[in-house]
Each structure stands twice: as structure tokens, then as C-alpha cells.
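[1] sequence unknown, structure follows:
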């Protein structure tokens with residue numbers, strides 16, 4: 001007998017690899033504890049990325065024009081970057 005409070009079945013969601021396919025293509029049961037833990041880890045990772053992005057922008061703000069040129073940015077590039085919200089990451093380098 002399966003304890004309903006202890007098991008959740010996910011048909012299409014794979015939370016950090018906890019749900020696994022068996023040989024017949026059915027999804028194995030994932031406990032709610034591991035699902036919550038996977039979500040918590042994802043949230044904490046996202047917050048860490050946001051903090052790192054905000055910290056990098058603060059550090060760039062302190063650079064003078066000569067150092068900005070060394071990293072390939074102008075003052076207008078920096079102003080545009082500083083106006084972006086913290087949850088938006090840095091653009092990829094081309």
C-alpha cells in the first residue's frame with residue numbers, strides 16, 4: 001500500500017533528476033520531500049545568481065574609464081548595464 005502523503009507522481013516534470021523513467025516509459029514515483037528539496041535548491045541557486053549579478057554590477061560601477069576600456073566597455077555601456085534589473089543577467093560576449 002502506498003502512503004498518499006508520501007508519494008507524488010509526476011508525468012512530465014523532472015525535478016533535478018529525481019523522477020526517472022523505467023524501461024516501459026512510465027515515470028517512477030518521486031517523494032514530495034525530494035520534490036520540495038529540488039525546488040528549494042533551484043530557488044537558492046537563482047538567488048545566488050542574482051546576488052552575483054548585483055555584486056558584479058556594483059564592482060563595474062567603481063571602475064574608471066581607463067579600466068572600463070580594458071574590459072571592453074564604455075561609460076555608456078556601463079550606464080546601460082547598471083539600468084538593468086538585478087534578475088537579468090549579463091549579456092553574452094560576442
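    Structure received. Note that the structure is predicted; figures quoted are calculated from it, not measured.

[2] tell me the average confidence for stretch 85-94?
    The average pLDDT for stretch 85-94 rounds to 70.

[3] Check stretch 53-68 too.
    Per-residue scores along stretch 53-68 average to 90.

[4] which residues are in contact with the helix or strand hosting residue 66?
    Using DSSP states H and E, residue 66 sits in helix 65-70. Helix 65-70 is touched from outside by 60, 74, 75, 77, 78, with contacts defined as C-beta atoms under 8 Å, 6 or more residues apart in numbering. Placement of C-beta: from N, CA and C, glycine included.

[5] Could you look up the next helix or strand downstream of it?
    helix 75-82.

[6] Give the buried residues for that following helix.
    Going by neighbour count (16 or more other C-beta atoms under 10 Å), the buried part of helix 75-82 is 78, 81.

[7] packing partners for that helix?
    helix 32-61, helix 65-70 (3 or more C-beta pairs under 8 Å, 6 or more residues apart in numbering; DSSP states H and E).

[8] Please identify the deepest-packed of the ones you listed.
    helix 32-61 (a mean of 13; mean count of other C-beta atoms under 10 Å).

[9] for residue 60, what are its contacts?
    Per C-beta under 8 Å, 6+ apart, neighbours of residue 60: 68, 73, 78, 81, 82.

[10] per-residue pLDDT, residue 49?
    89.

[11] I figured it hits residue 89, correct?
    Yes - using C-beta atoms under 8 Å, residue 49 is in contact with residue 89, at 7.0 Å.

[12] Identify the farthest-apart pair in the contacts of helix 65-70.
    60 and 74 (11.9 Å; C-beta to C-beta).

[13] returning to what we had before: adding distance to residue 31, write the contacts of helix 65-70 out as JSON lines.
    Below are the contacts of helix 65-70 laid out as JSON lines (distance: C-beta to C-beta, whole Å):
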{"residue": "60", "distance to residue 31": "44"}
{"residue": "74", "distance to residue 31": "52"}
{"residue": "75", "distance to residue 31": "53"}
{"residue": "77", "distance to residue 31": "48"}
{"residue": "78", "distance to residue 31": "47"}
